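Engineer: what's the 3D shape of this:
(chains A and B)
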Amino acid sequence: MVNAWVLASIVAVVAGVVGFFTVLRGSAFAAHAIPNGSFAGAAGASLIGVSALLGLGVFSLAGALTIGLLGRRGRHDVATALALVMMLGLGALFLSFSEEYAQAVYSLLFGEVLGISSNDIAPTAILGLLCIAAIAILYRPLMLSSVLPEVAEAHGVSRFRMEMLFLVVLALATAMTVPVVGTLLIFSLMIGAPAAARSFTDRPLIAMALSIVFALLIVWIAIAASYQTNYPVGFFVGSGSAVSYTIGRVWATWGTTAASQRRDAGATTTTTPLPS
Amino acid sequence: MSHFLTPVFAPGFFASEAVHIALAVGALVAIVTGTVGVFTVMRGQAFAGEAFGDIGTTGGSGAFLVGVGPLWGFVIGNLLAAGAMETIGIQRTRGRDLATGIVLGASIGLAALFLYLYTASHSTTGVTVTILFGSAFAIASSTFPLIALLSLLALAITITLYRPLLLATVSPEMAAARGIPVRAIGTLYLIALALAAALAAITIGSILGTALLVGPAASALRLTKRPLLAMLTAAGIGIGAMWLGIVLAYDSYEWPPAGHGWPISFFVVTIVFILYLISGLPGRQRHRGENLEQPQPRLHTVHESQ
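Structural biologist: Predicted coordinates for the structure are as follows:
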């Protein structure tokens, strides 16, 4: 139980940080596709008898590079979809070779955080630190390239290179988080918490901090609820993310209404109200 | 003549009723997804298309739980999700992937719960794999008419809306200026997409559904700029990939490890993926700027970003 708390907290911090850029860059599809597709790597790893983490890592990296390369020429969402189905197709093939894998599929897809041992903490923590370090180093160019890609190009920050680097960080985050919360749900943690955080503030660092806080809250509540009810953690993570996003949206709508009322009251500004 | 073809078509291929059904269903799904998929690619809604495949799983597992036919679970689950995505704001360029992502995340969480409840009460784990991967060889022929009917509905919506939808896709501003209800058209199309994806997911599995929805259409749009021709090409590519995949899957019963076939989805996805790569080759010489399949410049307005 303590292991689960520690591990899930590491995952939440990484998901909060990486997810912030995922939402900013509009890379939600890639954040869904890389973890989802990488499970095929775990299936393949179990087939040839190597560690599942290795399989996950290799496949998530391969998926990230495929998405980046294919997306360079042609639509990004098409590239992501095709990379995803290709990985899943391989996963289906690997699964058909090993018949007794059904239960493992379930836990890989939806996570098995409560069944985690203390041996899993060290690799996850190292990979997590690596992700956060990479984001910290890339912070300024990545931020510029995400918000104003043309300006970034003019400053010599290649959009393509930034995309590739970001996808690799996403792949790293995937490889470390998948065994904990499952391939399918790491993504809702990466989307829900940062999207909610962005509704509360426009300042990037504060938004990132808020995003970590939300992700931590979601995961902690999910584990506690799952422990109490015996329902899968994934259910609570998924619905927690959606709820946090809804709260953010409601808050943002309130904020804009209040702001436009304030603006109407003070006649000095001529700004038009924001479209909702 | 059949002797010459034996290396390609393993004995019994044309006699098997399961194969007949798989070929027919595969063709039908390929036609619907190819036609609907052209707009999916042009509108940049591949994520939504993919998400509907997964969301169908939630509906399907919910249907298992309450004991209804999974088809209705897929259809109803997807229509509800389409409504939720529309409410969150899938029509705006900036919020599109977020709207899809939030709905998908919540839905996967629900799927986890449904599957947990189902396996807890029925003690079978095979259902997870069945729902997630589907198999074209395992369709009950009794559901075929219903699937065909709903597929035709999705096809009919897309074809009826063709002209306004095309204008609303290529230039929303011009469409709005001409009095076309852009948002309503977009919502109707989303419903067609949800239906098409639900049917594809339940008949051939969500992996293949996505592959057929996105792959052939994207390849076709790289080969031709005319949307109608692209729809026909996409349907053709889809049927070809599906049938070749079925033939190979049938043949693979003889391949190592002997005893059971390789999954159809693996073959079809590989064929679709390779075709997409090949279709990009002629475009290397052509001028890139005019291609419909190329990403359109994104608008970076502060107002839209929230």
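Engineer: and stretch A:66-85, end to end?
Structural biologist: 12 Å (C-alpha to C-alpha, to the nearest Å).
Engineer: run through who's touching it.
Structural biologist: A:29-30, A:32-34, A:36-37, A:63, A:86, A:160, A:163-164, A:167, B:41, B:44-47, B:49-50, B:97, B:207-208, B:210-211, B:213-215, B:218, B:222, B:269, B:272-273, B:276, B:280, B:283, B:288, B:293-295 (C-beta atoms under 8 Å, 6 or more residues apart in numbering or on different chains). (Glycine included, C-beta is placed from N, CA and C.)
Engineer: in the stretch 151-276 of chain A, what residue comes closest to chain B?
Structural biologist: When distances are taken as C-beta to the nearest C-beta, the stretch 151-276 of chain A reaches nearest to chain B at residue A:238, 1.9 Å away.
Engineer: leaving out sequence neighbours, find the closest residue to that residue.
Structural biologist: Spatially, and ignoring its direct neighbours in sequence, residue A:238 is nearest to residue B:109 (1.9 Å; C-beta to C-beta, 6 or more residues apart in numbering or on different chains).
Engineer: again, but for residue B:235
Structural biologist: Nearest residue to residue B:235 in three dimensions, chain neighbours excluded: residue B:34, at 3.6 Å (C-beta to C-beta, 6+ apart).
Engineer: what does the stretch 1-150 of chain B have sitting close to chain A?
Structural biologist: Within the stretch 1-150 of chain B, the positions near chain A by C-beta under 8 Å from any C-beta of the partner chain are B:41, B:44-47, B:49-51, B:54, B:88, B:94, B:96-98, B:100-113, B:115-116, B:119, B:125-126, B:128-129, B:132-133.
Engineer: ok, the residue of chain B found nearest chain A - contacts?
Structural biologist: Of all residues in chain B, the one sitting closest to chain A is residue B:109 (1.9 Å; C-beta to the nearest C-beta). Going by C-beta under 8 Å, 6+ apart, residue B:109 touches A:185, A:188, A:234, A:235, A:236, A:237, A:238, A:239, A:241, A:242.
Engineer: once you drop chain neighbours, what's closest to the fourth one?
Structural biologist: Spelled out, it's residue A:235. Excluding the flanking residues, the one nearest residue A:235 by C-beta to C-beta, 6+ apart is residue B:113, at 3.9 Å.
Engineer: contacting residues for the one you found?
Structural biologist: A:231, A:232, A:234, A:235.
Engineer: the first one: how many residues sit nearby?
Structural biologist: Counted with other C-beta atoms under 10 Å in any protein chain shown, the burial measure for residue A:231 works out to 17 neighbours.
Engineer: and for the last one?
Structural biologist: As a burial measure, residue A:235 scores 26 neighbours (other C-beta under 10 Å).
Engineer: who's in contact with it?
Structural biologist: Neighbour list for residue A:235: A:226, B:109, B:110, B:112, B:113, B:116 [criterion: C-beta under 8 Å, 6+ apart].
Engineer: would you point out the most distant pair within these?
Structural biologist: Maximum pairwise distance among the contacts of residue A:235 (C-beta to C-beta): 14.5 Å, between A:226 and B:110.
Engineer: in helices, which of the residues of the stretch 1-150 of chain B next to chain A appear?
Structural biologist: B:41, B:46-47, B:49-51, B:54, B:88, B:96-98, B:100-113, B:115-116, B:119, B:126, B:128-129, B:132-133 (DSSP state H).
Engineer: helices and strands of chain A: which one bottoms out on pLDDT?
Structural biologist: helix A:102-110 (a mean of 61; mean pLDDT, DSSP states H and E).
Engineer: counting neighbours, which bits of whatever helix or strand comes next after that helix end up buried?
Structural biologist: Moving toward the C-terminus from helix A:102-110, the next helix or strand (DSSP states H and E) is helix A:121-147. Neighbour-count burial for helix A:121-147, counted by 16 or more other C-beta atoms under 10 Å in any protein chain shown, picks out A:124, A:127-128, A:131-132, A:134-135, A:138, A:141-146.
Engineer: helices or strands up against helix A:121-147?
Structural biologist: Where contact means 3 or more C-beta pairs under 8 Å, 6 or more residues apart in numbering or on different chains; DSSP states H and E, helix A:121-147 is packed against helix A:2-25, helix A:149-154, helix A:159-181.
Engineer: how about the residues of the stretch 151-276 of chain A near chain B?
Structural biologist: By the rule C-beta under 8 Å from any C-beta, the part of the stretch 151-276 of chain A lying against chain B is A:182, A:184-185, A:187-188, A:191-192, A:195, A:198-199, A:231-232, A:234-239, A:241-242, A:245, A:249, A:252, A:256, A:274-275.
Engineer: can we see that at 7 Å?
Structural biologist: For the stretch 151-276 of chain A, the residues in contact with chain B (C-beta under 7 Å from any C-beta of the partner chain) are A:184-185, A:187-188, A:191-192, A:195, A:231-232, A:234-235, A:237-239, A:241-242, A:245, A:252, A:274-275.
Engineer: just the buried ones from those residues, in ChimeraX syntax?
Structural biologist: Restricted to buried positions by 16+ other C-beta under 10 Å, the ChimeraX selection for these reads:
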select /A:184,185,187,188,191,192,195,231,232,234,235,237,238,239,241,242,245,252,274
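Engineer: next step: the residues of the stretch 151-276 of chain A next to chain B restricted to helices.
Structural biologist: Taking DSSP H as the definition of helices, these contribute A:187-188, A:191-192, A:195, A:234-235, A:237-239, A:241-242, A:245, A:252.
Engineer: present those as CSV; the columns should include distance to residue B:255 and pLDDT.
Structural biologist: Below are those laid out as CSV (distance: C-beta to C-beta, whole Å; pLDDT from 0 to 100):
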residue, distance to residue B:255, pLDDT
A:187, 35, 83
A:188, 38, 83
A:191, 40, 89
A:192, 44, 89
A:195, 46, 89
A:234, 36, 81
A:235, 39, 87
A:237, 40, 87
A:238, 39, 88
A:239, 44, 89
A:241, 43, 89
A:242, 44, 89
A:245, 47, 88
A:252, 56, 82
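Engineer: can you redo those residues as TSV with distance to residue B:151?
Structural biologist: Formatted as TSV, those follow (distance: C-beta to C-beta, whole Å):
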residue	distance to residue B:151
A:187	29
A:188	30
A:191	31
A:192	33
A:195	34
A:234	32
A:235	32
A:237	34
A:238	30
A:239	32
A:241	33
A:242	30
A:245	33
A:252	39
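Engineer: so which of the residues you listed is the closest to residue A:221?
Structural biologist: Checking those against residue A:221 by C-beta to C-beta gives residue A:237 as the nearest, at 9.1 Å.
Engineer: that closest one is in contact with residue A:188, isn't it?
Structural biologist: Yes. The pair residue A:237 and residue A:188 passes the contact test of C-beta atoms under 7 Å, sitting 6.2 Å apart.
Engineer: could you list the low-pLDDT ranges of chain A?
Structural biologist: A:1, A:99-118, A:180-181, A:183-184, A:259-276 (pLDDT under 70).
Engineer: again, only using 50
Structural biologist: Counting by pLDDT under 50, chain A has low-confidence residues at A:267-276.
Engineer: which residue is nearest the centroid of chain A?
Structural biologist: The structure's chain A has its C-alpha centroid closest to residue A:190; by C-alpha atoms, centre = their mean the separation is 3.2 Å.
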